[in-house]
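*Asks:* okay, structure incoming, though there's no sequence with it:
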């Protein structure tokens, strides 16, 4: 299964997705984005705008939000 297929599968599962699988897929997506192997949008001369959106990348980012943990960071104005 490709990374795109894995992300799409996890996205469709929504909150029923396996958290460990989602975290692993999201980490892979981040690595591929950082390396420039994957892009959220790519030039595509066949479209009116000249760009093609890779919807699965957006879905992967949303999967990352779903499987992430909320963390509180203290600020200079807050003692928490």
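*Replies:* Structure received. Fair warning: this is a prediction, and the values are worked out from it, not measured in the lab.
*Asks:* show me where the chain has its strands.
*Replies:* 41-43, 51-53 (DSSP state E).
*Asks:* distance to residue 13, mean neighbour count and mean pLDDT added to these, as a markdown table?
*Replies:* (C-beta placed from N, C-alpha, C; glycine too.) Listed next are the strands of the chain as a markdown table, based on distance: least, Cβ to Cβ, whole Å; neighbours: other Cβ atoms under 10 Å; pLDDT from 0 to 100:
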| stretch | distance to residue 13 | mean neighbour count | mean pLDDT |
| --- | --- | --- | --- |
| strand 41-43 | 25 | 11 | 96 |
| strand 51-53 | 22 | 14 | 96 |
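*Asks:* isn't residue 52 up against residue 45?
*Replies:* No. Residue 52 lies out of contact with residue 45 (Cβ atoms under 8 Å); the separation is 9.7 Å.
*Asks:* kindly list the longest helix within the protein.
*Replies:* helix 19-35 (DSSP state H).
*Asks:* packing partners of that one?
*Replies:* With contacts taken as 3 or more Cβ pairs under 8 Å, 6 or more residues apart in numbering; DSSP states H and E, helix 19-35 sits against helix 3-13, helix 55-67.
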